[in-house]
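Visitor: the sequence isn't on hand, but the structure is:
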Ligand code: SF4
């Protein structure tokens with residue numbers, strides 16, 4: 001049975017949206033497309049709105065505070081722990097990205113967890129606080145037209161001494177070898193963006209994992225500069241993305257990742 005033949009004809013607006021998505025891509029869009037094309041379709045083409053998950057909310061609040069902290073370092077202005085805490089409380093109440101679905105009692109405990117993560121990270125001095133960052137939360141793009149690829153876009157959390165640093169909050173201690181593999185699309189994309197915008201090779205990429213354990217801890221994964229092989233892999237993945245969008249290929253890819261998919265019900269009705 002030809003499932004694609006049964007799909008309803010595309011609306012005009014949908015075609016335009018897909019065309020625009022083909023021209024520009026970020027690491028998160030590319031990763032999602034390669035993980036499950038139907039989920040990509042629900043999120044970026046149909047733009048179905050879903051409540052924010054508690055763990056996403058916690059991650060956003062922590063990320064916001066680290067951004068403000070790094071900006072203060074960039075401006076070489078003091079940012080004492082009391083101000084950090086006030087920024088965190090403000091970020092926690094920010095629901096501009098939509099409501100959060102909490103279980104009873106969950107919000108207070110998550111709020112404490114988020115603060116303990118930040119407190120641990122800042123007290124342990126994981127970046128040399130006295131050295132001015134090269135860049136903080138900077139939006140960058142790389143035109144890859146000459147490779148027949150879309151424009152790559154992204155936001156670099158922090159660049160310090162030529163190292164690209166990205167923050168992650170996680171509930172489990174990461175395994176360094178697996179993390180290098182599972183984040184490869186993102187780290188290669190950042191390396192390309194850095195090189196296109198500075199004309200230099202990055203000193204390396206660091207992932208700063210803030211681990212949500214009873215006793216929070218910070219695990220840093222350090223990677224060397226992107227290799228030629230990694231660049232080729234990313235370019236081939238981008239080609240598959242463009243070709244998939246050209247075909248309107250939005251099939252479901254069921255697997256372990258479905259456990260956290262917000263479009264589970266819609267997906268079960270897909271035919
Ligand atoms: S439930 Fe799984 S297969 Fe379905 S859209 Fe979500 S990730 Fe894809």
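Guide: Structure's in. What do you need? Since the structure is predicted, the reported quantities are computational estimates derived from the model, not experimental observations.
Visitor: what residues does this protein have near the ligand?
Guide: When proximity is defined by C-beta under 6 Å from any ligand atom, the chain lies next to the ligand at 36, 38, 39, 252, 253, 254, 257, 258, 261, 263, 264, 267. Just so you know, the C-beta spots here come from the backbone N, C-alpha and C atoms, and that holds for glycine as well.
Visitor: one more pass at 8 Å, please.
Guide: Residues of the chain lying close to the ligand (C-beta under 8 Å from any ligand atom) are 35-39, 42, 252-255, 257-258, 261-264, 266-268, 270.
Visitor: could you list the buried residues of the helix or strand where residue 158 lies?
Guide: Per DSSP states H and E, residue 158 falls inside strand 151-160. For strand 151-160, a neighbour-count test (16 or more other C-beta atoms under 10 Å) marks 152, 153, 154, 156, 157, 158, 159, 160 as buried.
Visitor: over to the residue nearest to residue 70 when sequence neighbours are not counted. Which of the three states is it?
Guide: Among residues not flanking residue 70 along the chain, residue 136 sits closest, at 4.4 Å (C-beta to C-beta, 6 or more residues apart in numbering). What DSSP: H, G, I helix; E, B strand; the rest coil gives for residue 136 is strand.
Visitor: let me see the contact set for residue 136.
Guide: Neighbour list for residue 136: 67, 70, 71, 73, 74, 157, 158, 159 [criterion: C-beta atoms under 8 Å, 6 or more residues apart in numbering].
Visitor: ok, which stretches of the stretch 101-250 of the chain are strands?
Guide: Applying DSSP state E, counting those that start in this stretch to the stretch 101-250 of the chain gives strands spanning 135-142, 151-160, 163-170, 204-211, 217-223.
Visitor: pairing partners for the shortest one, with directions?
Guide: Think strand 217-223. If you go by DSSP bridges, strand 217-223 pairs up with strand 204-211 (antiparallel).
Visitor: now whatever residue of the stretch 51-200 of the chain ends up closest to the ligand. Its backbone dihedrals?
Guide: The ligand sits closest to residue 53 of the stretch 51-200 of the chain, with a gap of 13.9 Å, by C-beta to the nearest ligand atom. Backbone torsions for residue 53, taken as degrees, to the nearest 10, come to phi -80, psi 150.
Visitor: can I assume residue 237 is in contact with residue 30?
Guide: Yes. When contacts are counted by C-beta atoms under 8 Å, residue 237 is listed as touching residue 30 (6.2 Å).
Visitor: need the residues touching each of these two.
Guide: Contact with both residue 237 and residue 30 is made by residues residue 185, according to C-beta under 8 Å, 6+ apart.
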